[in-house]
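Sequence first, then the predicted structure:
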Amino acid sequence: MSLFKTPEDAIRAYKRIAADNVPGGGLGDENVRLWAALFELQRQNGTKGGALEIGVWHGFSASYICGHLSADEELVLVDKFMREQHFRPTFNKLLGEVDTPIRFFPDDSFELKKDGRLTPCQDKLRFVHIDGEHSREAVENDLELVDGLLQDDGIVVVDDMLYFHTPQVSHGLFSYINRSACQLKPFLFAFNKCYLARPDAHANYRDFAVTVIDQLEDDTHKYNCAFSHRRLDPAYVGISAREYGLPKYSFVNIGFDDLPSLQAYARENIEE
Ligand SMILES: C[S@@+](CC[C@H](N)C(=O)[O-])C[C@H]1O[C@@H](n2cnc3c(N)ncnc32)[C@H](O)[C@@H]1O
């Protein structure tokens, strides 16, 4: 059993500490809700395993991940500059006493890829967050590192994607997924993060991404779910705020207000 009992419990707990967020890190409200839905999906699917974060800072996303793990699932943390005293207080505030095993590497992720010290995590990670050095080289390095570790039904999340402050992160991710050896496929771009899964698990996660906006919407937040349908586009979903008269669902250049119309169109036209 994880420390957070339900997705609502997780969201409420994070909101309580969000005001203490230190600039340079933390999770926005939409990512808090989306991650709660993703961890709930993994729970429903019986997906068990550890988690890894590269780039811990003051521990906001790391402690939120930790709250979704059970005491028999390990959390592995990597940060070149921060030390336990920088992030432990956030864990304590969010979670109180933590039984989850936490292994911290105060190291550069380039070194960890070279020396193989993370190899014991191979096929044991269900959730990975890459939020370390935001250079193109580092994003490629970190993706290559975790591509060798992720379990078959796990996911990798890359922070600061499609973001004008950090265009090199997008460059690194697109370079990496074009490599022939890459075993990760994006299934979702949302709220400045990209989500990737193994090719065999991709369709399940992408189908979740198509419907998750119903869980995220409320009276004040409305979203557009953009679905790509060309054979040469990997079929991923983009979620963004529904502004400027956007429909709820869209294919390239075509909009729908309800999911059944989108699904009917996909059945007839999709080139996968
Ligand atoms: C944006 S912050 C992480 C924010 C954190 N995930 C959160 O949600 O609050 C980036 C972190 O990456 C670490 N970092 C930068 N370069 C790194 C590298 N090459 N290897 C490992 N960690 C690195 C920094 O020390 C910093 O703590």
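That came through fine. Numbering: from 1, shown residues only.

Identify the residue spatially nearest to the residue of the stretch 101-250 of the chain found nearest the ligand, adjacent ones excluded.
Nearest to the ligand, among the residues of the stretch 101-250 of the chain, is E133, at 3.3 Å (Cβ to the nearest ligand atom). Where you see a C-beta, it was placed from the backbone N, CA and C, and this is true even at glycine. If the residues on either side of it in the chain are set aside, E133 comes closest to S109, at 7.1 Å by Cβ to Cβ, 6 or more residues apart in numbering.

just P101 next, same as before
Spatial nearest neighbour of P101, chain neighbours left out: E74 (4.7 Å); criterion: Cβ to Cβ, 6+ apart.

related to what we said a few turns ago, residue contacts, the residue nearest to E133?
Neighbouring residues of S109 by Cβ atoms under 8 Å, 6 or more residues apart in numbering: I54, V78, K80, G132, E133, A138, N141, D142, L145.

Make a markdown table out of these and add pLDDT.
A markdown table is the format used below for the contacts of S109 (pLDDT from 0 to 100):
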| residue | pLDDT |
| --- | --- |
| I54 | 98 |
| V78 | 98 |
| K80 | 98 |
| G132 | 98 |
| E133 | 98 |
| A138 | 98 |
| N141 | 98 |
| D142 | 98 |
| L145 | 98 |
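
Show me the residue at the heart of the chain, geometrically.
Using Cα atoms, centre = their mean, the residue of the chain that lies closest to the mean C-alpha position is V157, 3.1 Å off.

Surely it and D142 touch.
No. The criterion here is Cβ atoms under 8 Å, and V157 misses it with D142 at 11.4 Å.

shared neighbours, these two?
Taking Cβ under 8 Å, 6+ apart as the criterion, V157 and D142 both touch I130.

Hmm, L75 and C66 touching each other?
Yes. If you go by Cβ under 8 Å, C66 and L75 touch, sitting 5.1 Å apart.

still on that earlier bit, on the three-state scheme, the residue nearest to the centre of the chain is what?
strand (DSSP: H, G, I helix; E, B strand; the rest coil).

OK, contacts around it?
Residues near V157 by Cβ under 8 Å, 6+ apart: F127, V128, H129, I130, K193, C194, Y195, L196.

Just send these back as CSV, with distance to A36 and pLDDT too.
Listed next are these as CSV, based on distance: Cβ to Cβ, whole Å; pLDDT from 0 to 100:
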residue, distance to A36, pLDDT
F127, 12, 98
V128, 17, 99
H129, 14, 98
I130, 20, 98
K193, 14, 98
C194, 19, 98
Y195, 14, 98
L196, 19, 98
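
Take the residues you listed and keep only those in helices.
Judged by DSSP state H, those include no members of helices.

tell me the two of those that are most distant?
Pairwise distances across those peak at 14.2 Å for F127 and C194 (criterion: Cβ to Cβ).

Tell me if A71 really is in a helix.
No. Judged by three-state DSSP, A71 forms no part of a helix; its state is coil.

quick one: pLDDT of the residue lying closest to it once chain neighbours are set aside?
Nearest non-adjacent residue to A71, counting by Cβ to Cβ, 6+ apart: D99, 4.1 Å away. You'll see D99 listed with a pLDDT of 85.

How many residues are close by D99?
11 (other Cβ atoms under 10 Å).

any chance you could map the helices in this protein?
Counting by DSSP H, the helices of the chain are 7-18, 29-44, 60-67, 84-95, 109-115, 136-147, 167-177, 199-211, 213-216, 259-269.

Give the buried residues for the shortest one.
By that I understand helix 213-216. Within helix 213-216, the residues that count as buried by 16 or more other Cβ atoms under 10 Å are I213, L216.

number of nearby residues for the nearest residue in space to T166 that is not next to it in sequence?
Spatial nearest neighbour of T166, chain neighbours left out: D160 (4.2 Å); criterion: Cβ to Cβ, 6+ apart. Around D160 there are 20 other residues, counting by other Cβ under 10 Å.

now L246
Applying other Cβ under 10 Å, I find that L246 has 16 neighbouring residues.
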